[in-house]
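J.: got a predicted model here, sequence first, then my questions.
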Amino acid sequence: MAGEPKRRHSKARKRTRRASINLAVNLVACKNCGTLIKSHMVCISCGFYGGKPVKMEQVKVTKA
């Protein structure tokens, strides 16, 4: 028989635990230059998204 938890874990504690579980990142080739990038992201090397150029002023760089 498995032991049961005495108290409920808070949302913050649960999310902190799950944050350490790294999900596999699917890399796809850029349609313009062919470099490997994350899907649904603007290509860092050429600035294209979905085969179309994107103004780099509009792109906000965030840590992923």
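T.: Arrived safely, thanks for sending.
J.: give me the neighbour count for Lys31.
T.: Look at Lys31: counted by other Cβ atoms under 10 Å, it has 13 neighbours. Backbone N, C-alpha and C define where each C-beta goes, glycine included.
J.: now it, nearest residue through space, not along the chain?
T.: Excluding its sequence neighbours, the residue lying closest to Lys31 (Cβ to Cβ, 6 or more residues apart in numbering) is Gly51, at 4.3 Å.
J.: do Cys33 as well
T.: With Cβ to Cβ, 6+ apart, the residue lying closest to Cys33 is Cys46, at 4.4 Å.
J.: count the neighbours of the one you found for me.
T.: 16.
J.: can you pull the contacts of it?
T.: 30, 32-33, 35 (Cβ atoms under 8 Å, 6 or more residues apart in numbering).
J.: circling back to that earlier point, how near is the residue nearest to Lys31 to Ala29?
T.: Per Cβ to Cβ, to the nearest Å, Gly51 is found 12 Å from Ala29.
J.: more neighbours, these two?
T.: Per other Cβ under 10 Å, whichever of Gly51 and Ala29 has more neighbours is Ala29, with 11 against 8.
J.: for the more buried one, list the residues it contacts.
T.: By Cβ under 8 Å, 6+ apart, Ala29 lies in contact with 35-37.
J.: got it, and Cys43?
T.: 30, 32-33, 35, 37, 49.
J.: sticking with it, tell me its helix or strand.
T.: Secondary structure from DSSP states H and E places Cys43 outside every helix and strand.
J.: how far away is Lys6 from Ala12?
T.: 18 Å.
J.: which one's more surrounded, those two?
T.: In this view Lys6 and Ala12 are compared by other Cβ under 10 Å, and Ala12 has more residues nearby, 8 against 5.
J.: what's the helix or strand for that one?
T.: helix 11-19.
J.: sorry, back to before: any idea how far Val25 is from the residue nearest to Cys33?
T.: Shown here: Cys46 relative to Val25, a distance of 20 Å by Cβ to Cβ.
J.: thanks a lot, catch you later.
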